[in-house]
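Asks: what follows is a predicted structure for the sequence shown.
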Amino acid sequence: MAIESQEIKRLTVRGVVQKIGFRAWTERKALRLGLDGWVRNRLDGSVEILVAGPRPAVAQLIEHCRSGPPLARVDSIEIEEASERDLGYRRNGEAFSLLPTV
């Protein structure tokens, strides 16, 4: 049985994405998909997501983020490669963390 390839992506989601539960929604979706990572608001009004896991699950989370939770209006998503080191921002013992705004 082949091992699924893992990938790590950094998403920057822009639009109406703060103060509407986007971070908590992202955390729930990621945990349901078995993904690791974190999510935080940015001072510029965007939401930053770091997600790691099997390629199909990462792709599924990205698709969910294109529309976001019910009150969101997603204008764009920037997707970049990220590294294992970026996962280090998670809180100890958490697979997926809600982080403070930066």
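Replies: Noted; the coordinates are in hand.
Asks: if I look at the spatially closest residue to S67 that is not a sequence neighbour, how far off is E48?
Replies: In space, S67 comes closest to V74 once its chain neighbours are excluded; the distance is 6.2 Å by C-beta to C-beta, 6 or more residues apart in numbering. In short, each C-beta sits where N, CA and C put it, glycine included. Computed as C-beta to C-beta, to the nearest Å, the V74 to E48 distance reads 14 Å.
Asks: now do G93
Replies: Distance from G93 to E48, by C-beta to C-beta: 22 Å.
Asks: of those two, who's got more company?
Replies: Counted by other C-beta atoms under 10 Å, G93 and E48 do not tie: E48 has more neighbours, with 19 against 6.
Asks: list the contacts of the closest residue to F96 other than its chain neighbours.
Replies: In this structure, F96 finds its nearest non-sequential neighbour in A30, 4.7 Å apart by C-beta to C-beta, 6+ apart. Counting by C-beta atoms under 8 Å, 6 or more residues apart in numbering, A30 makes contact with D36, G37, V39, V51, L61, F96.
Asks: hey, what's the last one bridged with?
Replies: Meaning F96. Taking DSSP bridges as the rule, F96 bridges to G37.
Asks: my read: it touches W38, true?
Replies: Yes - proximity of F96 to W38 meets the contact threshold set by C-beta atoms under 8 Å, at 6.5 Å.
Asks: by contact count, what packs against the lengthiest strand in the chain?
Replies: Taking DSSP state E as the criterion, the chain has its longest strand at strand 6-16. In terms of contacts (3 or more C-beta pairs under 8 Å, 6 or more residues apart in numbering; DSSP states H and E), strand 6-16 is packed against strand 47-54, helix 55-67, strand 73-81.
Asks: which one of the ones you listed lies closest to T12?
Replies: Counting by C-beta to C-beta, T12 lies closest to strand 73-81 out of these; the figure is 4.2 Å.
Asks: orientation of that closest one relative to strand 6-16 in degrees?
Replies: Inter-element angle recorded for strand 73-81 and strand 6-16: 150 degrees (by axes from the mean of the first three to the mean of the last three C-alpha atoms, to 10 degrees).
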